[in-house]
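Chemist: after the sequence you'll find the predicted model.
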Protein chains: 2
Amino acid sequence: MQDLQDLKDMKDLNKATNVTLKEAAQFLLSHDDFVIISHANPDGDTFGCSYGLCSALQKAGKRAKIVCADPLPANFFHLKEAVAEQEFEEKTIVSVDIADTVLMGKLESVYGDKVDLAIDHHLSHIPFAKKRYVDDEAAACCEIIYDLIKLLGVEIDAAMAQCIYTGIATDTGCFKFSNTTRLTHEKAGELMEYGFDCAALNYRLFDMKSRARIRLEQYALEHLDFFAEGKGAIVALNKQLLDTVDSEDVNGISSLPRTIEGVEVGVVLKEKEDCWKASMRSLKINVQEICGRFGGGGHLNAAGCSFKNMNIEEIIEKVKAAIEEALAGQA
Amino acid sequence: MQDLQDLKDMKDLNKATNVTLKEAAQFLLSHDDFVIISHANPDGDTFGCSYGLCSALQKAGKRAKIVCADPLPANFFHLKEAVAEQEFEEKTIVSVDIADTVLMGKLESVYGDKVDLAIDHHLSHIPFAKKRYVDDEAAACCEIIYDLIKLLGVEIDAAMAQCIYTGIATDTGCFKFSNTTRLTHEKAGELMEYGFDCAALNYRLFDMKSRARIRLEQYALEHLDFFAEGKGAIVALNKQLLDTVDSEDVNGISSLPRTIEGVEVGVVLKEKEDCWKASMRSLKINVQEICGRFGGGGHLNAAGCSFKNMNIEEIIEKVKAAIEEALAGQA
């Protein structure tokens, strides 16, 4: 196993990485007074990483705290159990799950050029830290944090395990997405054994919906406009509607149209202050390319773009036409 | 590991089990012309078991086929890839995931007293077969089938692995439920490596919804009646509505009310020919006890009961009162 890890470390050194995981652990053990940065628009993985690592560093006798441009969403409040609040003068800056300083949001100006160690799993990682460990084969950055914590030699407890599990489970859509590997399952299985209530956590992370979210889904489904013989589905959510719900309630709503049988491309349009933002989802069509035509981007399966100075009817017409063309090209 | 397995086998011998898994494998290898029975109202686990085991027996040079009181639902059509259709005179009868002959449905009269080997994971298993292997610690019966196939010494291929994964993933709610163990994750991780498209399968099993299902959910959510300060939620689906959708579209609808934040007990009432059937779900309240009062039963978290010769308003009133009492008792 050690040889395999060394080989992997060597391979990674050719990419964004310039330290091995062992060196990253040694760095953490030989420093103190840590600030751990999570990315803006935070998700379960970036917060799972920061709370898990903060907990481990505190257990190793260090002072550590977490910063993020945005607050911790209510469905991740359980992560707070793992760490103690500490006040101290910041000396060592670590970023987790951050591919680019711009993703720090408003904290970029504070920490962007000061990161001592970046731990990340994005293929698109743009080196910005003095030391970097990047493994794009990890389904979640929490998979790396878990291996790193083991190297720190601290005792993993239930609260810490819960943080790491949260990141792994959320970044893989509860082990459903194609980034899930055998290692992902093995690590999740190991973490469960530390004794947190995994079923209750999964319920909160994946099954529980607020009444506001239910109302939003109801509206979206009722107003869904099917086109291209049912292969396309589009819906527009205006600002007035979106203002009635919390941002947490809107998370993931873009995936809703594409869960309907037969729908190959799903689009959700959300009205912002000065534009409409489109989110496209597909398992069959390259939506990155479609969004690219409108100046947007993203991944093959999930992409987005913005429309300014156009009314919603015009936007819907343009989006439908582009998707119909892509669907026709595929046939 | 072998010692642990032997210990486990010995422990199991004190329960419904009267053969070890090794003996079950030896039995299969020394017989032929198999009929594998799945339970009525079939789910992913019972069909995952029967298709997985049938595939393995055929690979071992045996003749084998599958029988079930009900047809294979469309969302499990992928299981068929694993087996060849064979015609032969039935000689050896094996049941999978069946706790009691009554669960064979209309096949009970044909096979109820003829089962040579029963493989099951229900604590409630009532011995009916000549040979039985029952492990109630297995999250899914497919976990047992996987170990059994390994003992048969046949090469596991992608189609066979997909059957076993289907059973494990569906019986654990995609690794979310409390029956999930470290072993569950380890087995799922191993199975993924046989090379089927796991993400596409997970999408079909867990995320894809028919338009009819969406309509049914819409109706249920719109007509949900909250009570006990939002801790209870109940909805009645009449026969006229249920007749417009396939049975597959109704599967799992009972869990819907309890996914709403704050709801501790969710109830879905479905109108049948001559009665109303209630399904109760809760993570906090013993719904088995509540359903028991009305002559029903089930598990602590998921139970059901029937009401005859009562109008729906009367039923709802009785159910609400029983739940309010249980919630008050808990406080």
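Modeler: Received, thanks. Numbering: from 1, shown residues only, chains lettered A, B, ... in the order given.
Chemist: ok, A:L216 - contacts?
Modeler: By Cβ atoms under 8 Å, 6 or more residues apart in numbering or on different chains, the contact list for A:L216 reads A:237, A:241, A:245, A:249-250, A:253. No exception for glycine: its C-beta is placed from N, CA and C like everyone else's.
Chemist: and which of those is nearest chain B?
Modeler: Set against chain B, the nearest of the contacts of A:L216 by Cβ to the nearest Cβ is A:D249 (10.0 Å).
Chemist: now, which of the contacts of A:L216 lie within helices?
Modeler: A:241, A:249-250 (DSSP state H).
Chemist: which members of those are classed as buried?
Modeler: Using 16 or more other Cβ atoms under 10 Å in any protein chain shown as the burial test, those include A:241, A:249-250 as buried.
Chemist: possible to save those as TSV with distance to chain B and pLDDT?
Modeler: Output for these, formatted as TSV (distance: Cβ to the nearest Cβ, whole Å; pLDDT from 0 to 100):
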residue	distance to chain B	pLDDT
A:L241	17	95
A:D249	10	87
A:V250	15	89
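Chemist: next, format those residues as CSV and append distance to B:L107.
Modeler: Converted to CSV, these look like this (distance: Cβ to Cβ, whole Å):
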residue, distance to B:L107
A:L241, 52
A:D249, 47
A:V250, 49
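Chemist: and these, which is closest to A:R204?
Modeler: A:D249 (14.5 Å; Cβ to Cβ).
Chemist: list the contacts for A:V265?
Modeler: Per Cβ under 8 Å, 6+ apart, neighbours of A:V265: A:228, A:231-233, A:258, A:280-282, A:284-285, A:287, A:323, A:326-327.
Chemist: of all the residues you listed, which comes closest to A:A220?
Modeler: Here the nearest of those to A:A220, counting by Cβ to Cβ, is A:A233; it sits at 9.8 Å.
Chemist: A:L183: which element?
Modeler: Taking DSSP states H and E as the definition, A:L183 sits inside helix A:182-192.
Chemist: next secondary structure after that helix?
Modeler: On the C-terminal side of helix A:182-192, the nearest following helix or strand under DSSP H and E is helix A:198-202.
Chemist: so is that next one next to chain B?
Modeler: Yes. Against chain B, helix A:198-202 shows contacts by Cβ under 8 Å from any Cβ of the partner chain at A:198-200, A:202.
Chemist: helices or strands up against that helix?
Modeler: If you count contacts as 3 or more Cβ pairs under 8 Å, 6 or more residues apart in numbering or on different chains; DSSP states H and E, helix A:198-202 packs onto helix A:158-171.
Chemist: same question for the helix it packs on, mean pLDDT?
Modeler: Mean pLDDT, helix A:158-171: 97.
Chemist: ok, A:V235 - contacts?
Modeler: Here A:V235 is in contact with A:220, A:223-225, A:257, A:267-269 (Cβ under 8 Å, 6+ apart).
Chemist: model confidence over stretch A:95-102, on average?
Modeler: Mean predicted confidence for stretch A:95-102 is 95.
Chemist: who's in contact with the residue most central in space within chain A?
Modeler: Geometric centre of chain A, nearest residue: A:D43, 4.7 Å, by Cα atoms, centre = their mean. Neighbour list for A:D43: A:170-171 [criterion: Cβ under 8 Å, 6+ apart].
Chemist: next: A:H122.
Modeler: Shown in contact with A:H122 (Cβ under 8 Å, 6+ apart): A:97, A:99, A:134, A:136.
Chemist: before we move on, the earlier item: next, work out how far apart the residue nearest to the centre of chain A and chain B are.
Modeler: Taking Cβ to the nearest Cβ, to the nearest Å as the measure, A:D43 and chain B are separated by 18 Å.
Chemist: can I get the buried part of the residues of helix A:198-202 next to chain B as one PyMOL selection?
Modeler: Under the burial definition 16+ other Cβ under 10 Å, those of the residues of helix A:198-202 next to chain B that qualify are selected in PyMOL by:
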select buried, chain A and resi 198+199+202
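Chemist: what pLDDT is listed against the residue nearest to the centre of chain A?
Modeler: Reported pLDDT for A:D43: 91.
Chemist: show me where the stretch 51-200 of chain A has strands.
Modeler: Per DSSP state E, counting those that start in this stretch, the stretch 51-200 of chain A carries strands over the ranges A:64-67, A:92-96, A:117-120, A:131-134.
Chemist: in its sheet, what does the third one sit against?
Modeler: Listed by DSSP bridges, the sheet partners of strand A:117-120 and their directions read strand A:92-96 (parallel), strand A:131-134 (parallel).
Chemist: got the CA positions of the longest helix belonging to chain A in CSV?
Modeler: Longest helix of chain A, by residue count under DSSP H: helix A:312-330. Taking Å, rounded to 0.1, in the frame of the first residue of the first chain, the C-alpha atoms of helix A:312-330 are listed here in CSV:
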residue,chain,number,x,y,z
ILE,A,312,-38.2,35.9,-20.4
GLU,A,313,-40.3,34.8,-23.5
GLU,A,314,-37.4,35.6,-25.8
ILE,A,315,-34.9,33.8,-23.5
ILE,A,316,-37.0,30.6,-23.4
GLU,A,317,-37.4,30.7,-27.2
LYS,A,318,-33.6,31.0,-27.7
VAL,A,319,-32.8,28.2,-25.1
LYS,A,320,-35.4,25.9,-26.6
ALA,A,321,-34.1,26.4,-30.1
ALA,A,322,-30.5,25.7,-29.1
ILE,A,323,-31.5,22.5,-27.2
GLU,A,324,-33.7,21.3,-30.1
GLU,A,325,-30.7,21.8,-32.5
ALA,A,326,-28.4,19.9,-30.1
LEU,A,327,-30.9,17.1,-29.8
ALA,A,328,-31.4,16.9,-33.6
GLY,A,329,-27.6,16.8,-34.0
GLN,A,330,-27.3,13.9,-31.6
